[in-house]
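Trainee: Return a 3D structure for these sequence lines:
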Amino acid sequence: MILLLLLLSQAAYAWDNHALLTRLSLAGWDNWEKADFEPLERVLPVLNIGGVRPSTREGLFKALEIRGDRVKWDEPGPQPQGADSAALAVLAWATDHPDHGMDQEMHLTPDQEWMGGYTGLSSQAFRHMYFLPWDWKQPLITMHLPHPAQAMGQAPDRAQIFFDMAVQARRGGHHYWAYRFLGMGLHYIQDLNQPYHCQQVGSLVLLPYGRILRGKAEFLKEATRIISNMHLAFEQQTLLYLNKARLSDGKDKFYRKATDAFRVPTASLLLKNALQNNLDLPVRDAAVLMTRAGAMLTPQVVREQLALMEKDLVRPGLDLGAGFTDENGVPKLDFESIEASPSTGTLRKREQLLVVMAQALSNTGMSTRWVFDKFRLLGR
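Mentor: Numbers count the residues shown, from 1 in each chain. Predicted structure coming up:
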């Protein structure tokens, strides 16, 4: 168990394509404001970050404790297309920003050793994940080391910080930066609705018990490979289903269930009841509730993934963490062949995986809308 806890947080990936998730979550909104680009320095006078009022962009980066050089602050973002609005275009674009390096290569706490380390992409895990304090009523999904009695991770706090900045910017008349800051905050909110980002122990069945006798290093290496494969494959299959639904223009009833999920028909009742008509709840507190809902889904995700493609995900040598294609550009995991299978058993397993996937997407859509509604209310 201890060895499992040491390795499960090595991947720092979350949902793939946050911009798409944002657009699908807010598809019903049509009352968008103008959001014309202005230099970052224009919005600084209205910002207050934990009592700090930055007067320069370097001061802003210091107050936020980020790698500010990893964000293109002077780039206005994509131009709206069709019926799109500038505000939505900026918002969706900004939701991907935190994955571009601003939270990487930082030494924030010794706990990072247990949540992705200090170098590379995985070094942002401490900012993009959150593990609940241990609860004897839910021992597996809340168990983590090295401090099981304490929560670990900063994602709820980061969501709150950028949300507050967005409200301040909107109240100050800086709508462009309001939507850009809000997009950054929504990134962390959406991360916490990705089941693999909500707990350190996904499922004991993922442990490569046969490697224990080969030593700790070999065991950790193999377990990390398997768990990373599960994590990344879930994200890629989710994106595949969303894209197939969009390409079919909603005509394919199977894949349409993925996009329909954003209408929240299968969202967590616990989360729905906590958020519904409760815009007074602080963003950070709401994010913790989102984490609990996500963590409860993780064992189900693992079970359905293994049922559908266990041999593919755990086969020797498969390492999706090193890339999804081999040196010849051939996909390492052939999702298309799975989708094309005429087997009744395969179809049933795909449907079961889609059920739990839709629950995670419903939670994501509901959470994104709740934060957006709160922003529009407080930012007036």
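
Trainee: Quick one: low-confidence residue ranges for the stretch 1-150 of the chain.
Mentor: Residue ranges of the stretch 1-150 of the chain with pLDDT under 70: 1-16, 82-84.

Trainee: all strands of it, in order?
Mentor: Secondary structure of the stretch 1-150 of the chain (DSSP state E, counting those that start in this stretch): no strands present.

Trainee: Do a quick rundown of the helices in it.
Mentor: Using DSSP state H, counting those that start in this stretch, the helices of the stretch 1-150 of the chain run over 2-7, 18-25, 40-43, 57-64, 86-94, 125-128.

Trainee: So which of those helices is the most surrounded?
Mentor: Ranked by mean neighbour count, those are led by helix 125-128 with a mean of 26 (mean count of other C-beta atoms under 10 Å). C-beta: built from backbone N, CA, C; applies to glycine.

Trainee: the longest helix in this protein is where?
Mentor: Counting residues, the longest helix in the chain under DSSP state H turns out to be helix 344-378.

Trainee: Which strands and helices lie in contact with that helix?
Mentor: Judged by 3 or more C-beta pairs under 8 Å, 6 or more residues apart in numbering; DSSP states H and E, helix 344-378 is in contact with helix 18-25, helix 155-171, helix 175-191, helix 216-247, helix 253-260, helix 269-275, helix 283-314, helix 335-340.

Trainee: Compare the ones you listed and give me the one nearest Thr368.
Mentor: Closest approach to Thr368 among the helices and strands packed on helix 344-378 is made by helix 18-25 (3.8 Å; C-beta to C-beta).

Trainee: which helices and strands does the closest one pack with?
Mentor: Applying 3+ C-beta pairs under 8 Å, 6+ apart, one finds that helix 18-25 contacts helix 86-94, helix 175-191, helix 216-247, helix 344-378.

Trainee: As a markdown table, the helices of the stretch 1-150 of the chain with distance to Asn278 would be great.
Mentor: As requested, these are arranged in a markdown table below (distance: least, C-beta to C-beta, whole Å):
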| stretch | distance to Asn278 |
| --- | --- |
| helix 2-7 | 34 |
| helix 18-25 | 18 |
| helix 40-43 | 29 |
| helix 57-64 | 28 |
| helix 86-94 | 23 |
| helix 125-128 | 25 |
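
Trainee: Of all these, which one is nearest Lys257?
Mentor: Comparing those by C-beta to C-beta, helix 18-25 comes nearest, at 12.9 Å.

Trainee: related to what we said a few turns ago, quick one: closest of the helices of the stretch 1-150 of the chain to Thr142.
Mentor: helix 2-7 (11.9 Å).

Trainee: Now do Asp111 against Leu121, distance only.
Mentor: Going from Asp111 to Leu121 by C-beta to C-beta, to the nearest Å gives 18 Å.

Trainee: ok, now Ile338?
Mentor: Ile338 is 27 Å from Leu121, where distance means C-beta to C-beta.

Trainee: picking up where we left off before, if you compare the helices and strands packed on helix 18-25, which one is most tucked away?
Mentor: Most buried of the helices and strands packed on helix 18-25, by mean neighbour count (mean count of other C-beta under 10 Å): helix 175-191, with a mean of 27.

Trainee: Rounded mean pLDDT for it, please.
Mentor: Average pLDDT, helix 175-191: 97.

Trainee: what packs against that helix?
Mentor: Against helix 175-191 (3+ C-beta pairs under 8 Å, 6+ apart) you get helix 18-25, helix 40-43, helix 86-94, helix 125-128, helix 155-171, helix 283-314, helix 344-378.

Trainee: of the helices of the stretch 1-150 of the chain, which approaches Ala307 most closely?
Mentor: helix 2-7 (21.1 Å).

Trainee: Check the contact between Ala358 and Lys257; I expect there is one.
Mentor: Yes: between Ala358 and Lys257 there is a contact under C-beta atoms under 8 Å: 5.7 Å.

Trainee: Low-confidence regions, the stretch 251-380 of the chain specifically.
Mentor: In the stretch 251-380 of the chain, no residues with pLDDT under 70.

Trainee: Pull the contacting residues for the residue lying closest to Thr259 once chain neighbours are set aside.
Mentor: Among residues not flanking Thr259 along the chain, Ala245 sits closest, at 4.3 Å (C-beta to C-beta, 6 or more residues apart in numbering). Shown in contact with Ala245 (C-beta atoms under 8 Å, 6 or more residues apart in numbering): Asp252, Tyr255, Arg256, Lys257, Ala258, Thr259.

Trainee: Please apply the same query to Gly101.
Mentor: Applying C-beta under 8 Å, 6+ apart, one finds that Gly101 lies in contact with Arg67, Arg70, Val71, Gln124.

Trainee: count of residues packed around the first one?
Mentor: Just to be clear, that refers to Arg67. Arg67 is flanked by 16 other residues according to other C-beta atoms under 10 Å.

Trainee: wait, doesn't it sit right on Pro98?
Mentor: No: using C-beta under 8 Å, Arg67 and Pro98 do not qualify as a contacting pair, with a distance of 10.7 Å.

Trainee: for the nearest residue to Ser248 once chain neighbours are set aside, what are its contacts?
Mentor: Closest residue in space to Ser248, ignoring its immediate chain neighbours: Tyr255 at 6.3 Å, by C-beta to C-beta, 6+ apart. When contacts are counted by C-beta under 8 Å, 6+ apart, Tyr255 touches Tyr241, Leu242, Lys244, Ala245, Ser248.

Trainee: Relative to Trp93, which of the residues you listed is nearest.
Mentor: Using C-beta to C-beta, Leu242 is the member of the contacts of Tyr255 that sits closest to Trp93, with 17.6 Å.

Trainee: since we're on the nearest residue to that closest one once chain neighbours are set aside, how many residues are nearby?
Mentor: Distance criterion C-beta to C-beta, 6+ apart; nearest residue to Leu242, sequence neighbours excluded, is Ala258 at 5.1 Å. Other residues lying near Ala258 total 24 when counted by other C-beta under 10 Å.

Trainee: next one: the one 10 residues further on
Mentor: Other residues near Ser268 number 24, with proximity taken as other C-beta under 10 Å.
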